[in-house]
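Colleague: Build me a structure from this.
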Amino acid sequence: MGAGVRSAARGEPGRRIAWTPTLVAMRERTLRREHLRFVPEVPRGGVLHCFVLDCSGSMLAGRRLALAKGLLIALFDEASAMRAEVVLICFGGAGADVRFGPAVPRWWNERWLQPVGGGGGSPLASGVRRAAQLLGRSARRRPAQQRWLWILSDGRSRDEPERPLDVDEVVFVDFERGALRLGRCAAFADAWGARYLTPEELIG
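Modeller: The predicted structure is shown next:
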């Protein structure tokens, strides 16, 4: 996951090889490049991962929200192991609110998401605006900190938010499914110069 979380969101690996997971990936075969696993390098100023979770009505279809919650648990665990700070913002219905952080997660608490039943509209702009406020505050408080913004959504929103200023990396995790797709997350990622991933690419 950014600077560690899921191998920097499947971006550039760290420089040092992590030999145990590399050997597991090899499974007694000849070592190839795709077997290599790397030790993530953490910036000296630390890392902040800001997760913006879409809890709108469309995310209830096909258990998308349940999948997103499971992915968040794994990402929180990785952040905790790296001692990275985390923020969780949930948006849906009429607005967005902060459910956790910024802090280093010591455990996962289901109560952070239980009140988020999913439903209503998809105020993506409210979620991004709330994230921008927190990221800006972090930039003033810890300017050397690396800041990541993760947007977990199916993109079913009419909003057209702008990319926050105080962020180093943005990752769109696209939960859109079905034959008729709008492709909004991919379009946002392209417009923002962000990384675009599916949940399967993060889990795999």
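
Colleague: So which helix or strand of the protein has the lowest pLDDT on average?
Modeller: Least confident helix or strand of the chain, by mean pLDDT, DSSP states H and E, is helix 6-10 with a mean of 51.

Colleague: Any idea how many residues pack against Gly45?
Modeller: By other Cβ atoms under 10 Å, 12 other residues sit near Gly45. Placement of C-beta: from N, CA and C, glycine included.

Colleague: For Pro143, see how far away it is.
Modeller: 8 Å (Cβ to Cβ, to the nearest Å).

Colleague: What does the residue most central in space within the chain show for phi and psi?
Modeller: Nearest residue to the geometric centre of the chain (Cα atoms, centre = their mean): Trp150, 3.3 Å. Trp150 adopts backbone torsions of phi -110, psi 130, taken as degrees, to the nearest 10.

Colleague: So which residues of the chain form helices?
Modeller: 6-10, 19-26, 64-82, 124-141, 184-192, 199-203 (DSSP state H).

Colleague: Turn those helices into TSV, columns for mean neighbour count and distance to Ser56.
Modeller: TSV is the format used below for the helices of the chain (neighbours: other Cβ atoms under 10 Å; distance: least, Cβ to Cβ, whole Å):
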stretch	mean neighbour count	distance to Ser56
helix 6-10	20	23
helix 19-26	13	36
helix 64-82	19	9
helix 124-141	19	9
helix 184-192	18	13
helix 199-203	14	17
